[in-house]
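Engineer: Sequence first, then the predicted structure, then my questions.
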Amino acid sequence: MDRASALQQLRAASNQLSAQITQMHPLVPGLADGPTQSEVLKALFELTKQVEVVKKHLIRLEKSEDTALM
């Protein structure tokens, strides 16, 4: 697999993960258990942060490639 394909697939997967995590947030109150809700929200926040880190690195790599092509 070449770099462009890997970047494209990683970006698509990252976007899907972000969308899935976002869909989970409104479901948390349905757990009706404060401590569990708190821990689940903390975990979802950490997941969101890590997915955003991946996306940021992909963007940097894409920008460095664009600069190298100029």
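Structural biologist: Yep, it's here.
Engineer: where does the protein dip in pLDDT?
Structural biologist: Within the chain, the ranges that satisfy pLDDT under 70 run 66-70.
Engineer: so what's the residue nearest the centre of the chain closest to, chain neighbours aside?
Structural biologist: Among the residues of the chain, the one closest to the centroid is residue 51, at 2.7 Å (Cα atoms, centre = their mean). In this structure, residue 51 finds its nearest non-sequential neighbour in residue 17, 5.0 Å apart by Cβ to Cβ, 6 or more residues apart in numbering. No exception for glycine: its C-beta is placed from N, CA and C like everyone else's.
Engineer: on that earlier part again, buried set for the helix or strand encompassing the residue nearest to the centre of the chain?
Structural biologist: Element membership of residue 51, judged by DSSP states H and E, is helix 34-69. Neighbour counts over helix 34-69 (16 or more other Cβ atoms under 10 Å) mark 40, 44, 48, 51, 55, 58 as buried.
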